[in-house]
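Visitor: Build me a model from this:
(one chain, ligands or ions: 1)
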Amino acid sequence: MQFFANFKMNHTRASTTAYIEQLESELSGVAIESVSVFPPATALQKGSNRVVVGAQNGYFEQSGAYTGEIGLEQLQEFEIDTILIGHSERREIFGESQEFIAKKYAYYKEQGFHIVYCIGEPLSLREQGEDALFEYLYSQFDGIDTNYEKLTIAYEPIWAIGTGVSATVADIELVHKRLKEKFDAPLLYGGSVKVDSIEQIAAIESVDGVLVGSASLNAKEFAALIKRGLGV
Ligand code: 13P
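Guide: Prediction:
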């Protein structure tokens, strides 16, 4: 099982450093495949022994006249080589189009980054039935090289993000099964994963890991979630 923490616009540099230290200590002696943390851009820093630090975002240039953005140069300063691309909040709130996302993807692939690529549908699509649902989800792979060996896919239904209501096991299985048939990449689930729901979610065969928002913000709580997910 792989565990990913998306801090979104939470935590500072100081609190992220303290978090990583605490997570390391909480997880000492726990055999774990991988744990990664995505802090905000101002808190980017080198990872620790077992905690990988990744970026929530990055523009598809080394550096240049791109006000408000960070690019490869800013990521390399901290030896960051993991990036989140396609998150629904970037798509919906910041208006990132599929074409724009595909450019980011191609750039960071070219740089050899480990890419956690997010897809997910709004509730209105879910309610339209399976054909519409999968047509929508597959359209989020337009322009994306899904054979990239450092790709991890994260399925995050928008209606389950930040709502406290995770998708059910059946909801997750429905989508994950089809994605697994189509793509070889490891597959994460995200959307209101909590310490109380992780056991159920981790037990799903097609779930290789989880991408956690609010339940990752406290290091002790995230460590507890990881341990439950691993059954230790
Ligand atoms: P929550 O766990 O807060 O629902 O967030 C999920 C998410 O969007 C992770 O990227």
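Visitor: those helices in the protein, which residues are they?
Guide: Ranges of helices within the chain are 13-26, 72-76, 88-92, 98-110, 123-126, 130-139, 169-182, 198-202, 219-230, based on DSSP state H.
Visitor: Which single residue of the protein ends up nearest the ligand?
Guide: Closest residue of the chain to the ligand, CB to the nearest ligand atom: residue 213 (2.3 Å). All C-beta spots, glycine's among them, are computed from the backbone N, C-alpha and C.
Visitor: what's the burial count for that residue?
Guide: 22 (other CB atoms under 10 Å).
Visitor: again, but for residue 83
Guide: 23.
Visitor: can I assume it is in contact with residue 115?
Guide: Yes - contact between residue 83 and residue 115 holds when scored by CB atoms under 8 Å: they sit 5.9 Å apart.
Visitor: Most remote residue from the middle of this structure, which is it?
Guide: Relative to the centre of the chain, and counting by CA atoms, centre = their mean, the farthest-placed residue is residue 65 at 27.7 Å.
Visitor: The residue of the chain closest to the ligand - nearest residue in space that isn't next to it in sequence?
Guide: Spatial nearest neighbour of residue 213, excluding adjacent residues (CB to CB, 6 or more residues apart in numbering): residue 6 at 5.2 Å.
Visitor: Touching, that neighbour and residue 57? I think so.
Guide: No - with contact defined as CB under 8 Å, residue 6 and residue 57 do not form a contacting pair (11.0 Å).
Visitor: Near the ligand, which residues of the protein are found?
Guide: Proximity of the chain to the ligand (CB under 6 Å from any ligand atom) is limited to residues 6, 87, 156, 161-162, 190-193, 211-215.
Visitor: still on that earlier bit, joint contacts of residue 83 and residue 115?
Guide: Listed as contacting both residue 83 and residue 115 by CB atoms under 8 Å, 6 or more residues apart in numbering are residue 108.
Visitor: sorry, back to before: which of the helices of the chain comes out lowest on mean pLDDT?
Guide: Mean pLDDT is lowest for helix 123-126 among these, at a mean of 91.
Visitor: what's that helix packed up against?
Guide: With contacts defined as 3 or more CB pairs under 8 Å, 6 or more residues apart in numbering; DSSP states H and E, helix 123-126 has these neighbours: helix 130-139.
Visitor: in the helix it packs on, what's buried?
Guide: 133, 134, 136, 137 (16 or more other CB atoms under 10 Å).
Visitor: I figured the first one was touching residue 119, is that so?
Guide: Read it as residue 133. No - here residue 133 does not reach residue 119: they are 11.2 Å apart, not a contact under CB under 8 Å.
Visitor: Which residues are in contact with the residue nearest to residue 213?
Guide: Each residue near residue 6 by CB under 8 Å, 6+ apart is listed here: 38, 56, 84, 87, 190, 211, 212, 213, 216.
Visitor: how about 7 Å then?
Guide: 38, 56, 84, 211, 212, 213, 216 (CB atoms under 7 Å, 6 or more residues apart in numbering).
Visitor: Now do the contacts for residue 216.
Guide: 5, 6, 222.
Visitor: State the number of residues packed around residue 142.
Guide: 10.
Visitor: Equivalent analysis for residue 124, please.
Guide: Residue 124: 11 surrounding residues under other CB under 10 Å.
Visitor: Would you quantify the distance from it to residue 189?
Guide: Distance of residue 124 to residue 189, computed by CB to CB, to the nearest Å: 21 Å.
Visitor: Report the beta-bridge partners for residue 209.
Guide: Beta bridges link residue 209 to residue 2, residue 188, judged by DSSP bridges.
Visitor: Perfect, that will be all.
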